[in-house]
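Visitor: no sequence on this one, just coordinates:
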């Protein structure tokens with residue numbers, strides 16, 4: 001295990017890319033290298049945060065278990081697991097901290113159980129304990145009730161109980177916080193746990209049972225990986241990212257969130273601070289395809305069924321995103337907390353919920369095609385819905401929309417047209433093979449050729465020798481690298497390669513490995529990590545394997561942290577992560593890139 005810095009900035013923020021994560025299929029917590037849990041939305045991923053130090057370094061909620069006089073910290077996930085181990089070396093000794101959001105014998109527990117095991121290795125190590133419940137952005141005041149069965153902290157509708165062994169020295173315990181310390185010597189171990197439940201009874205299991213569930217959770221993670229079918233030569237990297245995607249999977253419904261966190265900035269001090277704790281159609285469809293590629297069929301099936309059912313309930317059209325329970329996302333609002341390094345505003349909700357994004361037709365039809373290609377069978381209701389979506393796409397593709405990047409400016413975005421072309425291409429394939437009705441097949445066949453002709457006529461810039469961002473634009477758009485996976489490189493190989501080369505010239509950072517999303521973003525935000533992996537895929541799928549492999553391994557060493565997690569963006573000047581984390585697009589893009597490097 002390699003050492004990692006525990007430094008924070010003068011305001012008290014840890015680097016965005018420094019966080020490890022633990023999860024239980026319903027929520028996920030972000031843990032800084034210094035032992036502070038700075039973000040946890042309990043009991044669910046999209047609930048108001050119980051811990052929000054991530055966005056309010058001075059006063060935000062936190063759960064700290066930090067060794068005194070630290071000399072070195074090294075972390076890793078247990079092999080093929082999302083149980084996190086941190087080895088801490090201090091001036092007086094060495095200890096191992098093992099952390100898990102526990103599961104039970106039948107899967108997810110009906111309460112939240114955040115467990116932290118301390119084991120003494122050498123000498124004596126003293127840990128300071130600090131539990132500070134958040135205030136839900138000032139909307140409630142935590143309070144304590146000393147019940148006959150233990151001390152409980154109430155945070156709005158959430159009840160929490162901090163559990164610790166008898167040798168813990170508690171120095172303060174009141175409405176607002178708990179402070180204490182605990183010391184371990186070689187061979188000693190102690191369990192510190194936080195239990196949480198909302199509007200339900202709060203179980204209080206023995207500490208020994210909580211301890212046992214850490215290892216049971218680890219076995220379940222390892223069994224999940226053992227059941228996969230991954231033949232990639234980059235297996236360890238693929239498994240790491242597949243496990244990261246599990247942090248985003250919401251087991252109660254099968255929904256897949258875009259990221260664990262909310263309102264982390266795409267540029268420090270900027271206003272691009274979005275709430276990503278919702279299920280985007282595009283991101284969910286891409287994650288489902290990634291799960292299929294690694295053989296995670298139950299996760300893929302659950303995600304697919306949830307997405308198709310949710311789309312069917314909200315017809316006509318397809319909103320770009322939904323809540324994790326399949327409802328429309330609330331309108332965006334601002335909350336009054338400082339934000340990460342003062343980046344304002346801090347947002348809840350998302351404005352994308354009301355946008356027109358015609359590219360989602362391609363995302364859904366492509367996802368369905370991959371599900372069927374893997375040997376699975378459509379139910380009649382889903383087959384009818386796919387037919388309706390294909391026919392709707394044939395009507396809608398000529399409209400201006402907000403595009404792949406959810407921009408306010410309505411334009412004829414090239415990527416939207418490419419995805420509509422792909423949607424009708426997949427619909428034709430499904431109809432020809434008998435998976436959906438052939439009633440509109442001739443229409444779809446003609447319309448997809450019209451789309452391709454339109455793209456060539458209106459979106460190709462002869463002077464740039466590239467497909468541009470939208471009709472009449474001179475800008476480039478890195479999302480078009482995804483078109484290699486969608487089939488554009490098959491039918492327009494020379495133009496696709498020329499476009500890719502133009503992007504390497506105009507959108508890459510000085511190293512030539514990282515890409516900004518589109519022209520003009522160099523001064524507005526960091527490079528977009530998934531775009532770089534899409535570039536890897538664009539080389540690999542066109543049999544330029546040497547460059548694909550070089551670029552892939554360069555990225556691995558650059559944008560992943562010590563435990564293999566990635567945020568949304570990367571600042572090539574400071575070497576720091578930006579945007580929400582862990583980010584689904586980054587990890588699923590790595591998975592697809594790995595298979596492309598292998599030649600698949």
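Guide: Thanks, I have the structure now. Here the structure is a predicted model, which is why all the values come from computation and not from measurement.
Visitor: Now do the strands in the stretch 1-150 of the chain.
Guide: 20-23, 28-31, 36-40, 62-67, 70-77, 84-90, 93-101, 103-104, 107-108, 112-123, 125-132, 143-147, 150-155 (DSSP state E, counting those that start in this stretch).
Visitor: mind checking which of those strands is nearest residue 169?
Guide: For residue 169, the closest of the strands of the stretch 1-150 of the chain is strand 125-132, at 8.9 Å, according to CB to CB. Glycine gets a C-beta too; all of them are placed from N, C-alpha and C.
Visitor: now the closest one, how far from the centre of its chain.
Guide: 29 Å (CA atoms, centre = their mean, to the nearest Å).
Visitor: ok, residue 252 - contacts?
Guide: For residue 252, the contact set (CB atoms under 8 Å, 6 or more residues apart in numbering) comprises 26, 44, 108, 324-325.
Visitor: That one: what secondary structure?
Guide: Classification of residue 252 using DSSP: H, G, I helix; E, B strand; the rest coil returns coil.
Visitor: okay, now the nearest residue to residue 533 once chain neighbours are set aside: neighbour count?
Guide: Using CB to CB, 6 or more residues apart in numbering and skipping the chain neighbours, the partner closest in space to residue 533 is residue 589 (3.7 Å). As a burial measure, residue 589 scores 28 neighbours (other CB atoms under 10 Å).
Visitor: what's next to the worst-scoring helix or strand of the chain on mean pLDDT, contact-wise?
Guide: Here the helix or strand of the chain ranked lowest by mean pLDDT, DSSP states H and E is strand 107-108, holding a mean of 75. Identification of contacts with strand 107-108 by CB under 8 Å, 6+ apart yields 24-26, 220, 251-252.
Visitor: rewinding a little: put the buried members of the contacts of residue 252 into a ChimeraX selection.
Guide: In ChimeraX, this line selects whichever of the contacts of residue 252 come out buried by 16 or more other CB atoms under 10 Å:
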select :26,44,108,324
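Visitor: Mind putting the contacts of residue 252 into CSV with distance to residue 466?
Guide: Converted to CSV, those look like this (distance: CB to CB, whole Å):
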residue, distance to residue 466
26, 44
44, 44
108, 48
324, 38
325, 42
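Visitor: can you tell me which two in the contacts of residue 252 are farthest apart?
Guide: Pairwise distances among these were taken by CB to CB; the largest, 15.6 Å, belongs to 108 and 325.
Visitor: what's downstream of the host helix or strand of residue 426, the next helix or strand?
Guide: Secondary structure assigned from DSSP states H and E places residue 426 in helix 414-432. Counting by DSSP H and E, the element after helix 414-432 in chain order, helix or strand, is helix 441-458.
Visitor: can you give me the angle that next one makes with helix 414-432?
Guide: On the basis of axes from the mean of the first three to the mean of the last three CA atoms, to 10 degrees, helix 441-458 is oriented at 160 degrees to helix 414-432.
Visitor: hmm, back to that, relative to residue 465, which of the contacts of residue 252 is nearest.
Guide: residue 324 (43.5 Å).
Visitor: My read is that that closest one contacts residue 47, right?
Guide: No: in this structure residue 324 lies outside contact range of residue 47 using CB atoms under 8 Å: 10.0 Å.
Visitor: wait, isn't the residue nearest to residue 533 in contact with residue 535?
Guide: No: between residue 589 and residue 535 there is no contact under CB under 8 Å: 9.7 Å.
Visitor: these two touch, right, residue 480 and residue 413?
Guide: No: between residue 480 and residue 413 there is no contact under CB under 8 Å: 9.9 Å.
Visitor: low pLDDT regions in the chain?
Guide: Applying pLDDT under 70 to the chain picks out residues 1, 106.
Visitor: Spell out, range by range, the helices that occur in it.
Guide: Using DSSP state H, the helices of the chain run over 207-226, 235-246, 281-294, 297-313, 360-373, 380-396, 414-432, 441-458, 483-486, 488-491, 493-506, 529-540, 545-559, 584-597.
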